[in-house]
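1. any chance you could fold what I've pasted below:
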Amino acid sequence: MTHSFVVRIPDAELAPEPLDPAQIVSGRPEVTGRIVWESEDGRQIRGIWQITPGVVTDTEADELFVVISGSATIEVEGGETLAVGPGDMAVLREGDRTTWTVHETLRKAYAINL
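-> Residues are numbered from 1 along each chain as shown. Model (predicted):
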């Protein structure tokens, strides 16, 4: 997109983003998402992401996100355990190894720098 825009995050349509089965620790979590803006060089991404309840692992990018709905506990290997819910802003560092325990379907708006 080359112009300013608005996206209503709670109502935005999202597309399936299949999880690598190796990331699933327990449950049957499903992920959906939508990129709403990406820089020309692909190093900055803005979007919406949603995950249903379950437990998954991930290796993070440099990310700032705001939780719109739902809740989760994010255990950062060698670091803090973050409890996030509606209205919370969180920052994950590139390379953080995390375990997400999603309690209620979580939807977030995010900004990633690669």
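2. three-state assignment of the residue nearest the centre of the chain?
-> Centroid-nearest residue in the chain: Trp49, 5.0 Å away (criterion: C-alpha atoms, centre = their mean). Assigned by DSSP: H, G, I helix; E, B strand; the rest coil, the conformation of Trp49 is strand.
3. in the lengthiest strand in the chain, which residues are buried?
-> If you go by DSSP state E, the chain has its longest strand at strand 97-113. Neighbour counts over strand 97-113 (16 or more other C-beta atoms under 10 Å) mark 98-102, 105-110, 112 as buried. Every residue, glycine included, has its C-beta placed from N, CA and C.
4. that one - contacts with which helices or strands?
-> strand 44-51, strand 54-59, strand 62-76 (3 or more C-beta pairs under 8 Å, 6 or more residues apart in numbering; DSSP states H and E).
5. and the angle for it with strand 44-51?
-> Between strand 97-113 and strand 44-51, the angle comes out at 140 degrees (axes from the mean of the first three to the mean of the last three C-alpha atoms, to 10 degrees).
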